[in-house]
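Student: this is a predicted model, with the sequence first.
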Amino acid sequence: MSTTVIIDDNRELAQILSAELVRRGHTVHCAHTGQDGLALIERTAVDLIFLDLRLPDMDGTEVLEPARSLRPEAEVVIMTAYPHLSSALAAIRGRVVDYLCKPFTFDELTPVLQRARLNRSRHLQVVHAKEAGSAPRDIEMVGVSEAAKALRSMISQLAASGVRAALVTGESGTGKELAAGLLHVEGPRRNGPFVEVNCSAITEGLFESELFGHERGAFTGAIGARRGLAEMADGGTLFLDEIGEMPLACQAKLLRFLDDQSFLRVGGSKKIRVNTQIVAATNRDLKTMVAEATFRGDLYYRLLVAPVAISPLRSRPEDILPVAAHWLTRISG
């Protein structure tokens, strides 16, 4: 079941759309102003937001950024009678899943809901912080090859050293998240939280607020203080997946944090200090990106202090059968 918020000053349209979504299994809440919508989003665990571009108290695009900050895991569908407006296009670039042109039919609504459901399933595990304790304790890196043994030994040594920053590289599917989990559970911060974030899923405008949090009134719609990912991970590990997708301006802010483990919330004046291990992962060639000036060299070399390179399974064929047997056992229960 999906929890959905409709923000539209057209009460009749909101009521009709709400009834149809309820018929399709959604739990629906409605607001008719931008401020009421943001207040509703803050206190409700939202999966999907239908947002009108023209509201009586503020423009819909002004609602979008704080809404994404409050609920980064939620998908957003823009509703507008003016699809040609540049504001609608700007909203789409802000990771809006879709938009509907008023008036629309329920047949048009169906593919929008399907795309939203698919998008949410792809990002559910990585867009928002996992604050429910630490990484799983039954993490196991399977392999009998010399490469697998060497990798396992290196990870154990790095974890035991209490390293503050590490860079995990490898192709997609090679087990970078697994390596990050091992660096956490075998290190001195094992009893702290393990917080994951997909860097490609956070827009540049929201990055600072997502990473460091914000104070009440820091921007339009910031109706309450909010902790960021770095603060949530205090005493544990912050896993930054797909760091190669992080915008350059955001990389500078991350580098400053790595230097002294302190930061200011957006709109705040009190410096907050944490004890957080940073594990970054990427399937991209960051050295080449540095040469192309698309990734900061100082951040790259700061993370490269503790490199973990994972080779693909095709380069160690002796591990294929053990890995297959491991997953067959897991799947079969």
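Tutor: Yep, it's here.
Student: the chain: helices as residue ranges?
Tutor: Per DSSP state H, the chain carries helices over the ranges 11-23, 34-43, 60-70, 86-93, 106-123, 146-161, 176-185, 204-212, 229-232, 248-260, 286-291, 297-303, 320-331.
Student: now these in JSON lines, with mean pLDDT and mean neighbour count?
Tutor: C-beta coordinates here come from the backbone N, C-alpha and C atoms, glycine included. Formatted as JSON lines, these follow (pLDDT from 0 to 100; neighbours: other CB atoms under 10 Å):
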{"stretch": "helix 11-23", "mean pLDDT": "94", "mean neighbour count": "14"}
{"stretch": "helix 34-43", "mean pLDDT": "93", "mean neighbour count": "20"}
{"stretch": "helix 60-70", "mean pLDDT": "84", "mean neighbour count": "23"}
{"stretch": "helix 86-93", "mean pLDDT": "47", "mean neighbour count": "14"}
{"stretch": "helix 106-123", "mean pLDDT": "75", "mean neighbour count": "14"}
{"stretch": "helix 146-161", "mean pLDDT": "92", "mean neighbour count": "15"}
{"stretch": "helix 176-185", "mean pLDDT": "92", "mean neighbour count": "23"}
{"stretch": "helix 204-212", "mean pLDDT": "80", "mean neighbour count": "20"}
{"stretch": "helix 229-232", "mean pLDDT": "88", "mean neighbour count": "22"}
{"stretch": "helix 248-260", "mean pLDDT": "89", "mean neighbour count": "15"}
{"stretch": "helix 286-291", "mean pLDDT": "96", "mean neighbour count": "15"}
{"stretch": "helix 297-303", "mean pLDDT": "94", "mean neighbour count": "18"}
{"stretch": "helix 320-331", "mean pLDDT": "81", "mean neighbour count": "12"}
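Student: burial of the residue nearest to D47 when sequence neighbours are not counted, as a residue count?
Tutor: In space, not counting the residues next to it along the chain, D47 is nearest to S2; the distance is 4.4 Å by CB to CB, 6 or more residues apart in numbering. Other residues near S2 come to 18 when the count uses other CB atoms under 10 Å.
Student: isn't L286 up against V168?
Tutor: No. At 11.4 Å, L286 and V168 do not qualify as touching, with contact defined as CB atoms under 8 Å.
Student: just the pLDDT at S315, thanks.
Tutor: For S315, the pLDDT comes out at 94.
Student: what is the burial count for it?
Tutor: Residues near S315, counting by other CB under 10 Å, number 10.
Student: in this structure the residue nearest to D47 contacts H29, no?
Tutor: No. Judged on CB under 8 Å, S2 makes no contact with H29 at a distance of 11.7 Å.
Student: and D298, what does it touch?
Tutor: Counting by CB atoms under 8 Å, 6 or more residues apart in numbering, D298 touches L255.
Student: what does stretch 307-317 rub up against?
Tutor: 143, 145, 147-148, 151, 154-155, 158, 166-171, 173-176, 179, 183, 319-320, 323.
Student: please repeat the previous calculation with a cut-off of 10 Å.
Tutor: Under the contact criterion CB atoms under 10 Å, 6 or more residues apart in numbering, stretch 307-317 has outside partners 141, 143-148, 150-151, 154-155, 158, 166-176, 178-180, 182-183, 279, 281, 283, 319-320, 323-324.
Student: leaving out chain neighbours, which residue sits closest to L40?
Tutor: Excluding the flanking residues, the one nearest L40 by CB to CB, 6+ apart is A31, at 4.9 Å.
Student: who's in contact with that neighbour?
Tutor: Under the criterion of CB under 10 Å, 6+ apart, the contact list for A31 reads 5-9, 14, 37-41, 51, 55, 63.
Student: just give me the closest of these to V274.
Tutor: Among the contacts of A31, I41 lies closest to V274 (CB to CB), at 26.7 Å.
Student: doesn't L48 make contact with that closest one?
Tutor: No. Under the criterion of CB atoms under 10 Å, I41 is not in contact with L48, lying 11.1 Å apart.
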